[in-house]
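**Student:** sequence and predicted model, in that order:
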Amino acid sequence: MTEKHILVALPLSAGQRERIRQAAPGFACRFTTEETATLEEVLWADAILGNVPVELIRQNRRLVWFQSNFAGPDPYLEPGVLPPDCLVTNATGAYGLAISEWMLGMWLALAKDLQLYRDRQRRQCWQAIERPVRSVAGSRVLCVGMGDIGASFARRAHALGAEVVGVRRHAAPAPDYCLRVVGAEELDAELPGADVVALSLPGTPETARLFDAARLARCKPGAILINVGRGTAVDSDALAAAIESGALYGAALDVTDPEPLPPEHPLWRLDTVLITPHISGRFSLPRTLENIVGIFAHNLRRFASGQTLDNQMSRRTRYVSAEMPGRRLTCEAEAPAQ
């Protein structure tokens, strides 16, 4: 392959930059960040690795490859942003560890009333909460979405003694950490038995308001809902009403609809709701950035040698699916960074 111009937009160390250069030594590389990228840099690039501003990237009409550092780069998939023939790959495989550990931490906090004791600590209140806490062991966990993040959480829940059921678009053979993996048409049948409903769904027309008032009403009384995929999968008003009424025990939300959640929204004031500002992934865990660099370098080597790229996204389904060429990477199971 003739020399290409590669623009990398990530806050990389010198060592990480060298790792990218070594993946394609015959190419010209420039390094910037999402915040500092210029139009000149974006127009210079044949391939862009990292989420430069949408208003800049849409002006490069000859771009041949865009590698996102997100698992769900929704704004870049809108019509007219990227050239029709531009390959799109994502960072599936980079976030499973960080986000599944966030999910686990939030679940444990809600199960053991830790957030309520934190509130009492701030009031210097030495008083026990007079009700039983919940156990992780023996709980039924329904993982709605079984990509890298959902599967990573499912493995951890199983390791702590939970029974795990997975939900995918289509039923699949169950891995050893799941009782079964059912198709989306079985979701309603599984909800009444789940103590925890964990969502890690992409933002698509099929997932929009998937958990509306009617579906939340099908959940097991007292269940906990965890959402780390897209806030649009849950009707925020209906969720608040379900928790206020006692139909659901609580929720852990790293994503909301809208984002940011308006200050007056009732979810903010509910004692058994934990909200973080879409930070369970990003680079809060240094390992995540290392994983992203590994995926970038892995695909850049393949790009330079004319091989099929991995983590190719379907613009129809908006995620890495079986209909696309290449593999879906999972950093916990593979080592694309080598």
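**Tutor:** Great, that's in hand.
**Student:** what's near enough to touch the nearest residue to residue 216 once chain neighbours are set aside?
**Tutor:** Leaving aside its chain neighbours, residue 216 sits nearest to residue 242 (4.7 Å; criterion: CB to CB, 6 or more residues apart in numbering). (C-beta placed from N, C-alpha, C; glycine too.) Contact partners of residue 242, counting by CB atoms under 8 Å, 6 or more residues apart in numbering, are 213, 216-217, 219, 248.
**Student:** what sits against residue 80?
**Tutor:** Counted by CB under 8 Å, 6+ apart, residue 80 has contacts residue 58.
**Student:** where do the helices of the stretch 101-250 of the chain begin and end?
**Tutor:** Assigned by DSSP state H, counting those that start in this stretch, the helices in the stretch 101-250 of the chain fall at 114-122, 148-159, 187-190, 213-217, 236-245.
**Student:** columns mean pLDDT and distance to residue 269 on top of these, output as JSON lines?
**Tutor:** Below are these laid out as JSON lines (pLDDT from 0 to 100; distance: least, CB to CB, whole Å):
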{"stretch": "helix 114-122", "mean pLDDT": "97", "distance to residue 269": "12"}
{"stretch": "helix 148-159", "mean pLDDT": "97", "distance to residue 269": "27"}
{"stretch": "helix 187-190", "mean pLDDT": "98", "distance to residue 269": "29"}
{"stretch": "helix 213-217", "mean pLDDT": "98", "distance to residue 269": "19"}
{"stretch": "helix 236-245", "mean pLDDT": "98", "distance to residue 269": "9"}
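**Student:** what's the closest of these to residue 85?
**Tutor:** The closest of those to residue 85 is helix 148-159. By CB to CB, the value is 26.7 Å.
**Student:** tell me the centre residue of the chain?
**Tutor:** residue 229 (4.9 Å; CA atoms, centre = their mean).
**Student:** returning to what we had before: out of the helices of the stretch 101-250 of the chain, which is closest to residue 64?
**Tutor:** helix 148-159 (25.6 Å).
**Student:** report all helices and strands that the closest one contacts.
**Tutor:** helix 96-111, strand 140-144, strand 163-168, strand 196-199 (3 or more CB pairs under 8 Å, 6 or more residues apart in numbering; DSSP states H and E).
**Student:** distance to residue 190, mean pLDDT and mean neighbour count for the ones you listed - can I get that in CSV?
**Tutor:** Formatted as CSV, the helices and strands packed on helix 148-159 follow (distance: least, CB to CB, whole Å; pLDDT from 0 to 100; neighbours: other CB atoms under 10 Å):
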stretch, distance to residue 190, mean pLDDT, mean neighbour count
helix 96-111, 18, 97, 22
strand 140-144, 5, 98, 26
strand 163-168, 6, 98, 22
strand 196-199, 9, 98, 27
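**Student:** with distance to residue 254 added, can I get those in JSON lines?
**Tutor:** Output for the helices and strands packed on helix 148-159, formatted as JSON lines (distance: least, CB to CB, whole Å):
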{"stretch": "helix 96-111", "distance to residue 254": "7"}
{"stretch": "strand 140-144", "distance to residue 254": "15"}
{"stretch": "strand 163-168", "distance to residue 254": "19"}
{"stretch": "strand 196-199", "distance to residue 254": "10"}
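**Student:** of all the ones you listed, which one is nearest residue 281?
**Tutor:** Of these, nearest to residue 281 by CB to CB is helix 96-111, at 5.2 Å.
**Student:** what comes into contact with that closest one?
**Tutor:** Under the contact criterion CB under 8 Å, 6+ apart, helix 96-111 has outside partners 114-115, 133-136, 148-149, 151-153, 155-157, 160, 196, 198, 200, 224, 226, 228, 249-250, 252, 254, 272, 274, 276, 280-281, 284-285, 287-288, 291, 330-332.
**Student:** quick one: buried ones out of those residues?
**Tutor:** Neighbour-count burial (16 or more other CB atoms under 10 Å) is assigned, among those, to 115, 134, 136, 148-149, 151-153, 155-157, 196, 198, 200, 224, 226, 228, 249-250, 252, 254, 272, 274, 280-281, 285, 288, 291, 330-331.
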